[in-house]
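1. The following comprises the amino acid sequence and a computationally predicted model.
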Amino acid sequence: MEPREFFESLESTVDASKTAGMKNSYLFEITDAGTWKVDVDDGTVKVTEGDGDADVIIRASKETFDAIASGRQSPTTAYMTGKLKLDGDVGAALKLQKLF
């Protein structure tokens, strides 16, 4: 799945019960694909294309993002091998597993 398709469908595919109580924002910078901001607010997910302030900035190549989103690669392994880079609140980043 292309990153654009993933982010365009994210609002309707996230299980609100899994994100209940979360109040975090994430900026995904996907090389050669684009930038998306994901705001999670107590079960509600809103996705906008483009930059913005966020608790965590996540940077990855299109290939790495696809492998993580499809479940072929662990986000932890991608981070530990330098394929996924994080800036900001690492605790908030760990909560991302609820979105995938």
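-> Cool, the structure landed. Quantities reported herein were computed from a predicted structural model and do not represent experimental measurements.
2. Find the residue closest to Pro3 in space, skipping its chain neighbours.
-> Across the structure, with Cβ to Cβ, 6 or more residues apart in numbering as the measure, the residue nearest Pro3 apart from its sequence neighbours is Ala33 (4.1 Å). Where C-beta positions appear, they are placed from N, C-alpha and C, glycine not excepted.
3. Please name the residues that touch the one you found.
-> In this structure, Ala33 makes contact with 2-4, 62, 65, judged by Cβ atoms under 8 Å, 6 or more residues apart in numbering.
4. Compare these and tell me which is most surrounded.
-> When neighbours are counted as other Cβ atoms under 10 Å, the busiest of the contacts of Ala33 turns out to be Phe65, with 26 neighbours.
5. Settle this for me: that residue is touching Pro3, isn't it.
-> Yes: assessed by Cβ atoms under 8 Å, Phe65 is found in contact with Pro3 at 5.5 Å.
6. who touches both of these two?
-> Joint contacts of Phe65 and Pro3 (Cβ under 8 Å, 6+ apart) are 28, 30, 33.
7. can you redo those as JSON lines with secondary structure, pLDDT and distance to Glu11?
-> Supplementary listing: the shared contacts of Phe65 and Pro3 in JSON lines, determined by DSSP: H, G, I helix; E, B strand; the rest coil; pLDDT from 0 to 100; distance: Cβ to Cβ, whole Å:
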{"residue": "Phe28", "secondary structure": "strand", "pLDDT": "97", "distance to Glu11": "14"}
{"residue": "Ile30", "secondary structure": "strand", "pLDDT": "98", "distance to Glu11": "17"}
{"residue": "Ala33", "secondary structure": "coil", "pLDDT": "97", "distance to Glu11": "18"}
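8. Many thanks, have a good one.
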